Structure formats: structure tokens, C-alpha cells
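Novice: let me see the structure of the following:
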Amino acid sequence: MSKSILIVDDELHIRALLEQTLEDLEDLGVDLLIATNGQEALDTIRAEQPDLVFLDVMMPKMDGYQVCHEAKHVLKMTNTFIVLLTAKGQEADQTKGYEAGADIYMTKPFDPDEVLAKAKEIVGL
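Specialist: Model (predicted):
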């Protein structure tokens, strides 16, 4: 069964950087999915049930906290690992992220090597 990773960010350059960082995983059978806002992310999570989601917090239509809460607490998607990836690095923001159900909270700017290593670990490569 193939693995999938959903990249969610409303900023094109961040999405491109994440795609570039994770593209080698496609050779190992991992599908990369993209969403550009919170509603699209939630729809994709519901339909595709990705193994891993890199989720931005500040986005149009629905923020990352709402998406995370909906996926983890409402849809009960315990097998989907959610990494909140955001510029909001305050302790209160992190607490809010973990309360919403995030598995990991990473701040931007992020280290691509760290993101790739984390992704490989989470999807079991």
C-alpha cells in the first residue's frame, strides 16, 4: 500500500520548498499531495487519509489549528500524523497546536534535512 504526504500551505514558495525537500520520497513510492488552504486540506485529508500532513497555521478559509482539530478530534484520524509548520513560534501557539491534536510543532524557517528525516521516520522509510 502506498504512503502519502499532504503539503498544506497558502504560500507558493513554501509549498515548492517542501515539495522539493520531499520529492525523493516519490521514488520510494510516496505520493505527494498538495492543498493551498484549510478547507482544501480538510477535504483532502478526509478523502485521501494521508499518512503525514505538513500543515501551515495561517491560511485562508480555515486555519491549521481548525484543520488539525477537525481531523484529529472530529474525524478521529489517529493514523494521520500532523506536523504543524508555522512562523508562529510562541509557547501559547505551540500549546494551541498540541491541544488541536498536532503530533509535532515545527517553526519556520525550517531545516529541509530535518523535515525529510522526520517524514522518512513517520512514513516508515
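Novice: so for this protein, the centremost residue is which one?
Specialist: Central residue of the chain (Cα atoms, centre = their mean): Phe54, 1.6 Å from the mean position.
Novice: which residues does that residue form beta bridges with?
Specialist: Here Phe54 sits in beta bridges with Ile7, Val83, as judged by DSSP bridges.
Novice: ok, Lys3 next?
Specialist: Per DSSP bridges, the residues bridged to Lys3 are Val30.
Novice: next up, the contacts around it.
Specialist: 29-31, 51-52, 123-125 (Cβ atoms under 8 Å, 6 or more residues apart in numbering). Bear in mind the C-beta positions are built from the backbone N, C-alpha and C, glycine included.
Novice: mind putting those residues into a markdown table with distance to Gly38?
Specialist: Written out in a markdown table, the entries for the contacts of Lys3 read as follows (distance: Cβ to Cβ, whole Å):
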| residue | distance to Gly38 |
| --- | --- |
| Gly29 | 28 |
| Val30 | 23 |
| Asp31 | 21 |
| Asp51 | 20 |
| Leu52 | 17 |
| Val123 | 23 |
| Gly124 | 27 |
| Leu125 | 28 |
